[in-house]
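# Pasting the sequence and the predicted coordinates here, then a few questions.
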Amino acid sequence: MTPNPSIPRLLTCDVLYTGMGGAQSPGAVVVVGKTIAATGSLDDLRASYPHAAEESVGGIIAPPPVNAHTHLDMSAYDFCALPYFRWIPEVVVGQRERRGVLGALAGADALARLNVGGVGDIVFAAPVMEALLAREDLSGVLYIEAFAPRPEQADEVFGRLREQITGWRKLQRPDGPRLGISPHTPFTVSHRLMKRLADYAAGEGLPLQIHVAEHPSELELFQTGAGPLWANRLQALNPDTFAEVIGRVPEPGLTPVRYLDELGVLEARPTLIHMVNVTPDDIARVARAGCAVVTCPRSNHHLECGVFDWPAFAAAGVEIALGTDSVASGESLDVRQEVEFARQLYPRLDPRMLVRAAVKGGHRVVGTRTPFIRRGEAWHDWYIWG
């Protein structure tokens, strides 16, 4: 039955986040016709609108979330939950023929259907970048990814990337996605290239994203120069030693975050992805530098990487956003499902923090404007997170 447009509707939910301030629980929105008349606590709106027709719409009312970290060009991959050191060869490498423009466009279509508020996408190849820059329904940042663990590769890779960015800037539109740079990880990008990319990004106003501290073996690598990450991944990329990659001798207490900080990379305020296997000192360094962090709870769970310490990062004042990572590890591109998974993963965490991170945190990471649910604005059913 179609609601009478002259009768106010009181839509009630467990969590209301309007895009401003903190979220409310429980919350409600009053809608008259197709216009928002009021937002606030359930008790207050019940008292102010006693004649409204009350409807429970479920868990969350909020602006569409932002997918602050994903790999759209892997959207044609099959989802597969495997331990990290099996997932890389069996899924990333094993399905590599599915990676490319068609997958990226399918992923962009999925984001459009989900009415995402923005995206932070890691782009592996030039044709994908050009295809996504042409999309009129994307906003956020497209980060071109850089790999090169050997220092002697730095000049060539940096020169090629700078030339690409110069060309892609001509394809940008004022309301379209911005360009960014993603040095893949602190162990697959040499110290020389990592610092050049960070300095270049800071000078050109380009946002950065870096995968950091995803798997527990990263700590062993930075402290000993050995371990499963060296044996299973890095040796195949042909550096002689890990010290050659990072420009210093691995030592006890050295972590990927401390390395980036002492290299001067955190001064460029990159967004750090995953950050699962960190120390209290790492969190303090990230907070001092003013870096934001994106967590991908489902991906980290499926690859058996560990659990992001959300309470510790929040207590340190670090901006947190949510991403899905690739479909191959995160199962879907829907950040609403990421929030639902996180609610089970962090049963003691106030769910209002999760919703705010998915919306406000995401917009801050990708540099887009947070829409507001407020009096006088149009009501959209996509504000209801199913």
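Good, I have the coordinates. Numbering: from 1, shown residues only.

# Show the contacting residues for D199.
With contacts defined as C-beta atoms under 8 Å, 6 or more residues apart in numbering, the neighbours of D199 are A268. The way it works is simple: take the backbone N, C-alpha and C, and place the C-beta from them, glycine included.

# hang on, it in a strand?
No. Under the criterion used here (DSSP: H, G, I helix; E, B strand; the rest coil), D199 is helix, not part of a strand.

# Distance check, it against L263.
The span separating D199 from L263 equals 11 Å under the rule C-beta to C-beta, to the nearest Å.

# And stretch 80-88, how far out from the chain middle?
The offset between the C-alpha centroid of stretch 80-88 and the centroid of the whole chain comes to 20 Å, using C-alpha atoms, centre = their mean, to the nearest Å.

# Same question for stretch 171-187.
The gap between the average C-alpha position of stretch 171-187 and the chain average comes to 13 Å, counting by C-alpha atoms, centre = their mean.

# what about it, start to end distance?
End-to-end span of stretch 171-187 (C-alpha to C-alpha, to the nearest Å): 32 Å.

# same question, stretch 69-78
Length of stretch 69-78, first residue to last, C-alpha to C-alpha: 18 Å.

# what about it, average pLDDT?
Mean pLDDT, stretch 69-78: 97.

# Low-confidence bits of this structure, can you list those?
Using pLDDT under 70 as the threshold, the predicted model of the chain has low-confidence ranges 1-5.

# which one in it is furthest away from the centre?
Within the chain, H51 marks the point farthest from the mean C-alpha position, 42.3 Å out by C-alpha atoms, centre = their mean.

# Now do the contacts for it.
Residues in contact with H51 (C-beta under 8 Å, 6+ apart) are 7-8.

# State the distance from it to V30.
Taking C-beta to C-beta as the measure, H51 and V30 are separated by 11 Å.

# Okay, R169 and R135: tell me how far apart.
Remark: distance between R169 and R135 (C-beta to C-beta) = 17 Å.

# and the two? which has more neighbours close in?
Set R169 next to R135 and count neighbours by other C-beta atoms under 10 Å: R135 wins out with 18 against 13.

# Isn't that one up against G107?
No. Proximity of R135 to G107 does not meet the contact threshold set by C-beta atoms under 8 Å, at 10.5 Å.

# what touches both of H51 and V30?
Contact criterion C-beta under 8 Å, 6+ apart; residues bridging H51 and V30 by contacting each: P8.

# In terms of residue numbering, what are the domains of the chain?
Taking automatic domain parsing as the criterion, the chain consists of the domains 9-62+371-385, 67-366.

# from these, which stretch is densest packed?
Comparing the domains of the chain by mean neighbour count (mean count of other C-beta atoms under 10 Å), domain 67-366 comes out on top with a mean of 20.

# Over to G22: give its phi and psi.
Main-chain torsions, G22, degrees, to the nearest 10: phi -100, psi 170.
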